[in-house]
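> Please work out how this folds:
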Amino acid sequence: MHPRLAQILSDYTRPVPTPAGMTSRELVRRAIRFEDPPRIPYSFVVPLESDFFEVILADRLSAERGPDRPTELGAIYYDEWGVGQEVTGRGWDHAFEHPLADLSQVDDFPFPDLAAVDRFERLRPFIEEAARAGKYVVGFDPIMAFERMRSLVGFEELMVAPYIQPDGLRRLIARLTDLTVAIVNRWADLGQVDAFMTWEDWGLQTGLQMKIDTFREFYRPHYARIADAAHARGLHFIWHNCGQILDMIPDMIDMGVDVVQLDQPRLMGHDRLAQAFGGRICFWNTVDIQWSVEPGVTEGELRAEAKRMRQAYGRFHGGFMARQYPQPQDIELAPERCLAIAQAFRAEN
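Presented below is the predicted three-dimensional model:
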């Protein structure tokens, strides 16, 4: 591994200040369980300080980039799912060719073996180091079922699939869920992982991408199965979800989601979220990534926003954790803004 990458991982696993006799892991667990953590758990990029160890960072820094995945802006390649991708220069690329637009082909489609043991064993040393440092270790979801379906099927085709290809859609979701559950068990088998986290955006700016009844009919049973699999192995289930998802959060709670990670909480309103769901699910929020990058926002306003979030969500003996957006370059969030956000949350501790 390049020395610079090794240094990043070393910094990331360094313990952060915690109350005497308590680790970061215990702080996070208390926040999730509403057991009066003595301070807000946090995850910052600038500076690189965190109560968490998100294994996806170690995976990205330690993995060798294959020759079939170029880095040049606009370059074309095919990922391991057979999806045609165009390099964007950001943390995600643009899918332009969708091999499962015809869902009648799903039974014969060759899924990559993302649950292969060696994919997880190579990450064991990083996990063990993080556990020794007292971190709360978060295993990642390499599938992200809804995002994966959008790339495999195409967005428009996926939106109409419940009406014109319902059987194929059900079979695709079931296969992706089977593989996701296998991955949950791989993380649990490593023995020192505390949570399973997925990144799946179901919201637009004004509401969900589909009717809530469609979600409940086609998708909810599968996410409930993933949550049950995580809980059966002693893992929390963390779900990053962007957009306006107010109508979906009650279902997430009923399914057993432990933590919802929001990057756009202002779309729904802090007081509204806290009044409706406080004490029932833990929020792991950034300062809103659309608002915080606006040129006119001041450091004083960032501090006021952090205080507002603490006051709204902090009335339930826990249930709130602070986060910086982990890829600030992708949203053009300046390092000074990142630092101001970290300082603002620290000021509330």
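
> Which SSE is immediately downstream of the helix or strand of the chain with the lowest mean pLDDT?
The helix or strand of the chain with the poorest confidence is helix 3-13; it has a mean of 86 (mean pLDDT, DSSP states H and E). Going down the chain from helix 3-13, the next helix or strand is helix 24-33, by DSSP states H and E.

> CA atoms only for the least confident helix or strand of the chain, dumped as PDB, please.
Output of helix 3-13 as PDB, limited to C-alpha atoms (Å, rounded to 0.1, in the frame of the first residue of the first chain):
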ATOM      1  CA  PRO A   3       2.600   5.200   2.400                       C
ATOM      2  CA  ARG A   4       0.100   8.100   2.100                       C
ATOM      3  CA  LEU A   5      -2.800   5.700   2.100                       C
ATOM      4  CA  ALA A   6      -1.300   3.800   5.000                       C
ATOM      5  CA  GLN A   7      -1.000   7.000   6.900                       C
ATOM      6  CA  ILE A   8      -4.700   7.800   6.300                       C
ATOM      7  CA  LEU A   9      -5.700   4.500   7.700                       C
ATOM      8  CA  SER A  10      -3.500   5.000  10.700                       C
ATOM      9  CA  ASP A  11      -5.000   8.300  11.400                       C
ATOM     10  CA  TYR A  12      -8.500   6.900  10.900                       C
ATOM     11  CA  THR A  13      -7.900   4.200  13.500                       C
END
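
> Run the chain-centre distance for it.
Centre-to-centre, helix 3-13 and its host chain are 21 Å apart (C-alpha atoms, centre = their mean, to the nearest Å).

> Counting neighbours, what do you get for Pro295?
Number of residues near Pro295 (other C-beta atoms under 10 Å) recorded here: 4. Every C-beta, even on glycine, is put in place using the N, C-alpha and C of the backbone.

> The stretch 1-150 of the chain: strands as residue ranges?
Along the stretch 1-150 of the chain, counting by DSSP state E, counting those that start in this stretch, strands occupy 42-44, 49-50, 52-54, 76-78, 84-86, 94-97, 136-140.

> cool, and the stretch 201-349 of the chain?
236-240, 259-262, 282-286, 320-323.

> Run the chain-centre distance for the second one.
Relative to its parent chain, strand 259-262 has a centroid offset of 8 Å by C-alpha atoms, centre = their mean.

> Contacts made by it with the rest, please.
32, 195, 197, 236-242, 249, 252, 273, 281-286, 321, 323 (C-beta atoms under 8 Å, 6 or more residues apart in numbering).

> In this structure, where is pLDDT below threshold?
1, 64-68, 348-349 (pLDDT under 70).

> Can you show me the helices along it?
3-13, 24-33, 55-62, 117-121, 124-132, 145-153, 155-164, 166-190, 212-214, 220-232, 249-255, 270-277, 299-313, 335-347 (DSSP state H).

> how far off helix 55-62 does the longest one point, in degrees?
Spelled out, that is helix 166-190. 80 degrees (axes from the mean of the first three to the mean of the last three C-alpha atoms, to 10 degrees).

> Disregarding flanking residues, what is the spatial nearest neighbour of Ile8?
Once flanking residues are discounted, Ile8 sits nearest to Leu61: 6.3 Å by C-beta to C-beta, 6 or more residues apart in numbering.

> what number of residues lie near the one you found?
Neighbours around Leu61, by other C-beta under 10 Å: 16.

> any idea how far it lies from Leu123?
11 Å (C-beta to C-beta, to the nearest Å).

> Find the nearest non-adjacent residue to Gly279, please.
That would be Phe316: by C-beta to C-beta, 6+ apart, it lies 3.9 Å from Gly279.

> partner residues bridging Thr198?
Counting by DSSP bridges, Thr198 is bridged to Trp239.

> ok now do it, which residues does it touch?
By C-beta under 8 Å, 6+ apart, the neighbours of Thr198 are Phe140, Asp141, Ile143, Met144, Ala145, Ile226, Ile238, Trp239, His240.
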